[in-house]
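A.B. asks: model the following, please.
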Amino acid sequence: MSRLVLISGCSGGGKSTLLTELGGRGHAIIEEPGWRIVKQELEGDGIALPWNDMMAFARRAIEMAIADHTAAQGKAGWTFFDRGLIDAAAALQHLTGEPILEGLSAAHRYNRSVFLTPPWPDIYVTDPHRRHGFDEAVAEYDRLAAIYPVLGYNVVILPKLSVADRADFILDRLETP
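C.D. replies: Predicted coordinates for the structure are as follows:
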């Protein structure tokens, strides 16, 4: 069983906050490739920003997610990913129609259980790194919720609970066979 665990789902659904909680409990965490790319691009020339060139952004996210996956192999304990390769590849496939998802996901597997944060308007906010609206976030969530099962993952929808309770929920699900 893979100890590499994806937390995906709706943009603005609490993934990053949840990973901070899991990291505070001593688990390895991998920040979302998209956030890291936006930060780098805003400090540089800004070419691969999602609102400037979504295809360049998605391609960079795929490269970064593959590197993250490779670096996490063999680590002791759980490693939690704020999004990952499948999210990036799904975005590029949605944009271009290129059938890249199955090949990439077969070569870079995560734990069979993928945890999705559902749309949660009460906590959704835009900021300089997240400029899209809630409707776009929900559409992305719907695509991901449909894609993961097709790729052989068991989708677990996270309940709308406190951050600590969500972390407990994930850890309990992972420890239960």
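A.B. asks: from here on, contacts and neighbour counts on C-alpha atoms
C.D. replies: Noted.
A.B. asks: state which helix of the protein is the longest.
C.D. replies: Identified as the longest helix of the chain according to DSSP state H is helix 54-72.
A.B. asks: can you give me the helices in the chain?
C.D. replies: Ranges of helices in the chain, per DSSP H, are 15-24, 33-43, 54-72, 85-96, 101-107, 134-150, 163-175.
A.B. asks: how about low-confidence regions in the protein?
C.D. replies: For the chain, applying pLDDT under 70 flags the ranges 1, 50, 120-134, 177.
A.B. asks: on that earlier part again, deepest of the helices of the chain, which one?
C.D. replies: Most buried of the helices of the chain, by mean neighbour count (mean count of other CA atoms under 10 Å): helix 85-96, with a mean of 21.
A.B. asks: do you know how far the residue nearest to the spatial centre of the chain is from Gly103?
C.D. replies: The residue lying closest to the centre of the chain (CA atoms, centre = their mean) is Arg83, at 1.1 Å. Per CA to CA, to the nearest Å, Arg83 is found 18 Å from Gly103.
A.B. asks: returning to that earlier point: nearest to Leu4, of the helices of the chain?
C.D. replies: Leu4 sits nearest to helix 54-72 of all those, at 7.4 Å, using CA to CA.
A.B. asks: which other helices and strands contact the closest one?
C.D. replies: Packing partners of helix 54-72 (3 or more CA pairs under 8 Å, 6 or more residues apart in numbering; DSSP states H and E): helix 33-43, helix 85-96.
A.B. asks: dump these to JSON lines, plus distance to Gly14.
C.D. replies: Below are these laid out as JSON lines (distance: least, CA to CA, whole Å):
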{"stretch": "helix 33-43", "distance to Gly14": "14"}
{"stretch": "helix 85-96", "distance to Gly14": "16"}
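A.B. asks: which one, of the ones you listed, ends up nearest to Leu174?
C.D. replies: helix 85-96 (19.9 Å).
A.B. asks: what angle sits between the closest one and helix 134-150?
C.D. replies: 110 degrees (axes from the mean of the first three to the mean of the last three CA atoms, to 10 degrees).
A.B. asks: so helix 85-96 versus helix 33-43, what angle?
C.D. replies: Using the same axes, to 10 degrees, helix 85-96 lies at 70 degrees relative to helix 33-43.
A.B. asks: residues in contact with helix 85-96?
C.D. replies: 8, 55, 58-59, 61-62, 65-66, 98-101, 104-105, 108, 144, 147 (CA atoms under 8 Å, 6 or more residues apart in numbering).
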